[in-house]
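> Sequence first, predicted model second:
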Amino acid sequence: MTQSNSMAFSSELSSFLTKMRDKLDNNVTFDLPLTIGQYRLESLIGRGGMGDVYRAENLVLKREEAVKFVRSKLSVSPEAIQRFREEIESTAKLLHPNIVTVFNAGEFEGRPYMVMEFLEGWTVHEYVRRRLELASPLSVQEAVDVVVQAAKGLQFAHDNGFVHRDVKPGNLWITPDKTVKVLDLGLAVVTTQGMDSRIVGTPDFMSPEQSFPDSVPSPRSDIYSLGCTLFYLLTGQVPFGGEEYSTSEKKMEAQRLHALPTLSNFRKDVPKYVQNALNRMTEKAVDKRYAAMADVIAALQAPTKKAPIRTGAVAAVLLGILGVWWTMNNNKTTPPPAIVQEELVTQLAPVDANSPQTAPEETTLPKITPIPQDNTAPFPVGNEAGEKLVRVVDGVEYVFRWCPPGEFVMGSHGVPVSEEMTIEQMLDVIKSITPVGSIANERKEDDLKTFETDLKEIKKKYRGQDLESELELLRGKIYGYLTSISSVISSQILDMEYAFPHQVTLTHGFWMLDCEVTRQMWFDVMPKSSANKQIKLDARSDDYPVKQVSWRDAQEFCQKLSKKMNADVQLPTEAQWEYACRANSEENWGQILDYGNVAESFLRDITPVRSFSPNAWGMYDMIGNVEEWCADWFAPYPGDQPQVDPVGPETYKPLKYVSKKDAKVLRGSAEAYSVNSYNPYSNRSYQNINNRDYHAGFRICVSVK
């Protein structure tokens, strides 16, 4: 058969199989819950081209597992199911940290299934799309790390006689701690036993040889598909996704005949060695590709392994020269400022995988204005709100956003409640609120009548000093009542912490870290902190926010980072924090769950920084994840009078009915806090300066005058 005839036959066969799958793969999901042997299916958690995945409880081992039913009905004969079992038994022997663990296999109502470890997280495809939606594309290093981990898992599979045949972002899984696992090794193999055994794979990521009916895919076929996956991770779209590649046949033809587009068409920060590795992975001729996944890993890791040695050597020489110069010119023992790298990072706009291959459009985040690069220069004045500035200290990246001078209304935009209110004012607040549910409303009416009756009896019974004392007791009782019901108020917010709205003007701009201080930042700056023992008990990856730090711990961090960064790093004032949180935007309750990790997100745990959408100025997680320390002492806001550059009171002022010693302000909210009981834009809490509260973290800022 000539190559042209073979190509034509491939196209016809692919079209036929697509139509057959459309007819045969429309499986109806099971009625849940459903018990199958020792597994109870609880919920459908995913549907894909290979099958349906259910969350299940292993009734024997008392643990969560995942059960995947093969969707295709093309191989339901007893012989096919027996081969499926044999393949799964072989796959189950592939115990590797970058391959999903398979526990068991079976058949139910004519559908083969496999039982796997239950994983938290996302497919890599879902993860990339979500990141692009958040205007936070994968960095080159993140993309390379995903591919390297996948290559390690695939290398282990290849060494044990397996070829995946359908490597793609949808068949890779990434957990919250950024571990990558290869999925569907067993299913990719078993599909070769059915009617569609001649062509296996996904056209967007399929190697050229896989589109020929009589080809036998090899490990190098997986290398090609992993190269296409790397392209997707870096660009947000498949190699051949334009209108001219609208069918599977056209995509497969492009995979055979056309080189992948150059990465520089989409982004300018891809190193040459990554482009070279991608070119080699996606060579059309099989024998020109890397021979094994180990070669792919070496090609993508070699530069990063050598770079720290060269950088360290150069840095040592530079520091030595600077040290001699500093000593000669200043005759002091104080070392020169630490060398700080500064760079501007461009944003990759979200791209539709099916759109024509053109340069990405600008994101909705502010444009980046070039800033003169000087490693030890003071922080510059920004040009526009949300402008991005990146500085790298000791290899750790700090992303700042510019907050320009301006004014805003600070404080609660709901129903403020103060201990200083009169009893009559508090009773008016009770009348105005609506607890959730008819029973709660009836209870409110009963309590209101009781308070009003108590007030009348006190005024009738007592006089003079006794009257004032009794009224004070009643006022405290009513305030406590308002505190107790603040979490069951429907569509209203009771602000119990003196957050009365007032006009604030900030005359100087500042750079605010776009996320909470991460564990990576913390351990780099504070390797010997007394807080570390407690922090390390809660094991997390580097990109989680550090928490369980006191205000004093955060202050010490700022002092140490100031020396490393040659800048005046500070905790933000309350006014700066809320100004950056609001970002000159109206409170948007419709998108509250998009902006931060709160109780209504039902995650019940903190998430890595930048997991949610940024606000209009590019700030992440200000509404929820961990509470954040501010510079100010806690005290009631000083009325509704306008303020200019407020820095808070000189000392802590305890609340009349709730007292804590030496308390500083915490802003934002933690993942366990409900937005139904407070306004996340203006919520205030407080802790002693030495208290390492479980929910307490912080972010930093640098003021510029």
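Cool, got the structure.
> surely residue 168 meets residue 203?
No - the pair residue 168 / residue 203 is not scored as a contact, 10.1 Å apart, by CB atoms under 8 Å. Where C-beta positions appear, they are placed from N, C-alpha and C, glycine not excepted.
> Show me how the record splits the protein into domains.
With domains defined by automatic domain parsing, the chain comprises 3-296, 415-492, 502-703.
> Centre-most residue in the protein?
Residue closest to the average C-alpha location in the chain (CA atoms, centre = their mean): residue 611, at 1.9 Å.
> count of neighbours near residue 446?
When counting by other CB atoms under 10 Å, one arrives at 10 neighbours for residue 446.
> I misspoke; the intended subject was residue 464.
7.
> Phi, psi for it please.
With angles defined as degrees, to the nearest 10, residue 464 sits at phi 60, psi -140.
> Next: residue 518.
phi -90, psi 170.
> again with residue 55
phi -80, psi 130.
> With residue 641 instead?
Main-chain torsions, residue 641, degrees, to the nearest 10: phi -80, psi 140.
> wait, doesn't it sit right on residue 501?
No - the criterion here is CB under 8 Å, and residue 641 misses it with residue 501 at 11.2 Å.
> higher neighbour count, those two?
residue 501 (16 against 9).
> What count of nearby residues applies to the nearest residue in space to the more buried one that is not next to it in sequence?
Excluding the flanking residues, the one nearest residue 501 by CB to CB, 6 or more residues apart in numbering is residue 411, at 4.1 Å. Neighbour count of residue 411, defined by other CB under 10 Å: 24.
> Distance of residue 411 relative to residue 605?
Applying CB to CB, to the nearest Å, the value for residue 411 to residue 605 is 30 Å.
> Equivalent analysis for residue 693, please.
In terms of CB to CB, residue 693 sits 16 Å off from residue 605.
> Compare the two and say which is more crowded by neighbours.
Between residue 693 and residue 605, residue 693 has the larger neighbour count (other CB under 10 Å), namely 19 against 13.
> List the contacts of that one.
Taking CB atoms under 8 Å, 6 or more residues apart in numbering, we find residue 693 in contact with 548, 550, 627, 666, 687.
> host element of residue 552?
helix 551-565 (DSSP states H and E).
> could you measure residue 104 against residue 32, distance?
20 Å.
> same deal with residue 441?
Distance from residue 441 to residue 32, by CB to CB: 36 Å.
> again, but for residue 421
Distance of residue 421 to residue 32, computed by CB to CB: 52 Å.
> So between these two, which is more surrounded?
Taking neighbours as other CB under 10 Å, residue 421 and residue 32 compare with residue 421 leading, 17 against 13.
> what are the phi and psi values for that one?
phi -60, psi 150.
> OK, contacts around it?
Applying CB under 8 Å, 6+ apart to residue 421 gives the contacts 429, 475.
> How about residue 455?
423, 427, 474.
> in what helix or strand does the last one lie?
Spelled out, it's residue 474. helix 464-485.
> Following the lowest-mean-pLDDT helix or strand in the chain in sequence, what is the next regular element?
Here the helix or strand of the chain ranked lowest by mean pLDDT, DSSP states H and E is strand 341-343, holding a mean of 31. Per DSSP H and E, strand 341-343 leads on to strand 388-393 as the next helix or strand towards the C-terminus.
> neighbouring strands for the helix or strand just after that next one, and are they parallel or not?
Using DSSP H and E, the next helix or strand after strand 388-393 towards the C-terminus is strand 396-403. Each strand paired with strand 396-403, and its direction, by DSSP bridges: strand 388-393 (antiparallel), strand 510-513 (antiparallel).
> tell me the most buried of those?
Compared across these, strand 510-513 shows the largest average neighbour count, a mean of 25 (mean count of other CB atoms under 10 Å).
> ok so, going back, how far does the helix holding residue 474 sit from its chain's centre?
Offset of helix 464-485 from its chain centre (CA atoms, centre = their mean, to the nearest Å): 46 Å.
> can you check stretch 507-520 too?
The mean C-alpha position of stretch 507-520 is separated from the chain mean by 17 Å, CA atoms, centre = their mean.
> ok, and for it, which residues are buried?
Buried residues in stretch 507-520, counting neighbours by 16 or more other CB atoms under 10 Å, are found at 509-520.
> mind putting those in CSV, distance to residue 591 included?
As requested, those are exported to CSV (distance: CB to CB, whole Å):
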residue, distance to residue 591
509, 26
510, 25
511, 25
512, 20
513, 22
514, 18
515, 18
516, 20
517, 25
518, 24
519, 28
520, 29
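> Would you point out the most distant pair within those?
The distance between the two most remote of those (CB to CB) is 28.9 Å, for 509 and 519.
> was I right about residue 145 contacting residue 178?
Yes - the pair residue 145 / residue 178 is scored as a contact, 7.3 Å apart, by CB under 8 Å.
> More neighbours: those two, which one.
residue 145 (19 against 16).
> helix/strand/coil for the more buried one?
The local conformation at residue 145, judged by DSSP: H, G, I helix; E, B strand; the rest coil, is helix.
> Would you enumerate the residues in contact with it?
Counting by CB under 8 Å, 6+ apart, residue 145 makes contact with 178, 180.
> switch the cut-off to 10 Å
138-139, 174, 178, 180, 233, 300-301, 304 (CB atoms under 10 Å, 6 or more residues apart in numbering).
> In PyMOL, how would I select just the buried ones from those residues?
Buried residues within the contacts of residue 145, by 16+ other CB under 10 Å, are selected in PyMOL with:
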select buried, resi 138+174+178+180+233+300
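> which among the contacts of residue 145 gets closest to residue 680?
Residue 680 has its nearest neighbour among these in residue 178, at 27.5 Å by CB to CB.
> In three-state terms, label the spatially closest residue to that closest one that is not a sequence neighbour for me.
What sits nearest to residue 178 in space, not counting adjacent residues and going by CB to CB, 6+ apart, is residue 541, at 6.0 Å. Judged by three-state DSSP, the three-state class of residue 541 is coil.
> how many neighbours does residue 541 have?
The number of residues packed near residue 541 is 14, by other CB under 10 Å.
> Residue 208 - nearest residue in space that isn't next to it in sequence?
residue 256 (4.2 Å).
> contacting residues for residue 275?
Counting by CB under 10 Å, 6+ apart, residue 275 has contacts 234, 262-264.
> Just the buried residues of these.
By neighbour count, with 16+ other CB under 10 Å, the contacts of residue 275 hold 234, 263 as buried.
> Could you tell me which of the contacts of residue 275 belong to helices?
residue 234 (DSSP state H).
> Return the member of the contacts of residue 275 nearest to residue 37.
Closest approach between the contacts of residue 275 and residue 37, by CB to CB: residue 234, at 43.5 Å.
> Tell me who's in contact with that closest one.
Neighbour list for residue 234: 128, 137-140, 142-144, 147, 263, 266-267, 269-270, 274-275, 278, 348 [criterion: CB under 10 Å, 6+ apart].
> Not counting sequence-adjacent ones, nearest residue to residue 668?
Per CB to CB, 6+ apart, closest to residue 668 is residue 628, 4.9 Å.
> ditto for residue 280
Leaving aside its sequence neighbours, residue 280 sits nearest to residue 290 (CB to CB, 6+ apart; 5.8 Å).
> Give the full set of residues in contact with residue 690.
Taking CB under 10 Å, 6+ apart, we find residue 690 in contact with 550-553, 661-662.
> Secondary structure of it: a strand, I assume?
No - Residue 690 sits outside any strand when classified using three-state DSSP, being coil.
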